[in-house]
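*Asks:* Quick one: sequence plus predicted model below, questions after.
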Amino acid sequence: MGEQRVRLRPVTETDLLDYVKWLNDAEVTAFTLREFPGLTLEAEREWFARKTAPDSQDRPFAIEVDGLLIGQCQLHVEESGQTAFYGIVIGDKTAWGRGYGTAATREAVRIGFEEMGLQRIWLNVGSHNPRGIRCYEKVGFRREGVMRRARLKRGQWIDVVVMAILREEWEADQCSNS
């Protein structure tokens, strides 16, 4: 769908105003596992400084479609340097349902394995987010388990699905798609 039109680029300070707007929008964060009540530009600047510091292994990406910022994703590299936790938000609601999240996730996974040398990329997704689960499955993530009633989200306990993709699974998928 939107595969060729999606581009990941480094986050810049000018992206932060959009991030604050998106993360303070209850509709945008309905399917995230975290809430960001009253997120400020100053807090986002602090996040940006940590993520772009010379000693940070994390890789935050701005997601663009046809040159327009629509979201953000990142690989949070763990202590071993071999595994990373993945997160994504498509903040521009006009971009929802167009395959851009899947395309961005596919590209982030490629970068993680090809450029960063990761062995495993994993994530948590709420069971109340079937669209997100389908996106991750399309990219090759597999369910590893369910943490029951693991997160209180807007007054409701939700189950959290743990998913991951291993380097060899991704490589096998690349070979079968060639």
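*Replies:* Received, thanks. No experiment lies behind these values; they were computed from the predicted model shown.
*Asks:* Report the secondary structure state of residue 79.
*Replies:* Here residue 79 is coil, with the state taken from DSSP: H, G, I helix; E, B strand; the rest coil.
*Asks:* ugh, wrong one, residue 37
*Replies:* coil.
*Asks:* Could you do residue 134 as well?
*Replies:* When the rule is three-state DSSP, residue 134 gets the label helix.
*Asks:* Could you count how many residues lie near it?
*Replies:* Residue 134 sits with 11 neighbouring residues when counted by other CB atoms under 10 Å. To be clear about C-beta, it is placed using only N, CA and C from the backbone, and glycine gets the same treatment.
*Asks:* What does the pLDDT read for it?
*Replies:* The predicted structure scores residue 134 at 95 on the pLDDT scale.
*Asks:* Against residue 43, how distant is it?
*Replies:* Using CB to CB, to the nearest Å, one gets 32 Å for the distance from residue 134 to residue 43.
*Asks:* what does residue 82 give?
*Replies:* When CB to CB is the yardstick, residue 82 and residue 43 sit 30 Å from each other.
*Asks:* do residue 29 as well
*Replies:* Per CB to CB, residue 29 is found 15 Å from residue 43.
*Asks:* More neighbours: the two, which one.
*Replies:* residue 29 (20 against 14).
*Asks:* The more buried one against residue 35, yeah?
*Replies:* Yes: under the criterion of CB atoms under 8 Å, residue 29 is in contact with residue 35, at a separation of 6.0 Å.
*Asks:* Thank you, goodbye.
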